[in-house]
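1. take a look and give me a structure for this.
(one chain, ligands or ions: 2)
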Amino acid sequence: MASTLDGGRACGSVRYRLEDEPIVVHCCHCRFCQRMSGSAFGLNAMIETERVTLLGRTLPEPVPTPPTHPKGQVWYRCPSCQVSV
Ligand SMILES: [Zn+2]
Ligand SMILES: [Zn+2]
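-> Numbers count the residues shown, from 1 in each chain. Ligands and ions are numbered 1, 2, ... in the order given. Below you'll find the model as predicted:
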């Protein structure tokens with residue numbers, strides 16, 4: 001595996017680089033992840049914030065989570081297409 005991984009939204013607005021491999025990657029099929037992703041499951045990659053570099057000029061926007069979600073988590077979405085980053 002490469003030491004860095006580049007990625008971004010399909011719309012091309014938000015681009016980022018993972019400076020390391022994620023700590024863990026998993027799919028969650030709970031109702032909350034289904035609602036937030038608009039799909040059968042949410043795909044999550046956990047990595048330290050300082051190991052993520054934003055490459056483009058467009059910054060992901062923080063979006064408040066529903067009150068039923070555990071506190072302390074912030075979701076970021078692409079400001080162009082509103083898809084989670
Ligand atoms: Zn879930
Ligand atoms: Zn987008």
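
2. the worst-scoring helix or strand of the chain on mean pLDDT vs ligand 1: in contact?
-> Scoring the helices and strands of the chain by mean pLDDT, DSSP states H and E places helix 31-37 at the bottom, with a mean of 85. Yes: using C-beta under 5 Å from the ion, helix 31-37 comes into contact with ligand 1 via C33. Using the backbone N, CA and C atoms, a C-beta is placed for each residue, glycine as well.

3. just checking, what packs against that helix?
-> Using 3 or more C-beta pairs under 8 Å, 6 or more residues apart in numbering; DSSP states H and E as the contact test, the elements touching helix 31-37 are strand 42-46.

4. report the rounded mean pLDDT for the strand it packs on.
-> Computed over strand 42-46, the mean pLDDT rounds to 91.

5. residue ranges for the strands of the protein, please.
-> 5-8, 15-18, 24-28, 42-46, 52-54, 61-63, 75-77 (DSSP state E).

6. CSV for the ones you listed, including distance to ligand 2 and mean neighbour count?
-> Shown next, in CSV, are the strands of the chain (distance: least, C-beta to the ion, whole Å; neighbours: other C-beta atoms under 10 Å):
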stretch, distance to ligand 2, mean neighbour count
strand 5-8, 8, 14
strand 15-18, 10, 16
strand 24-28, 21, 11
strand 42-46, 16, 13
strand 52-54, 13, 14
strand 61-63, 10, 12
strand 75-77, 8, 15
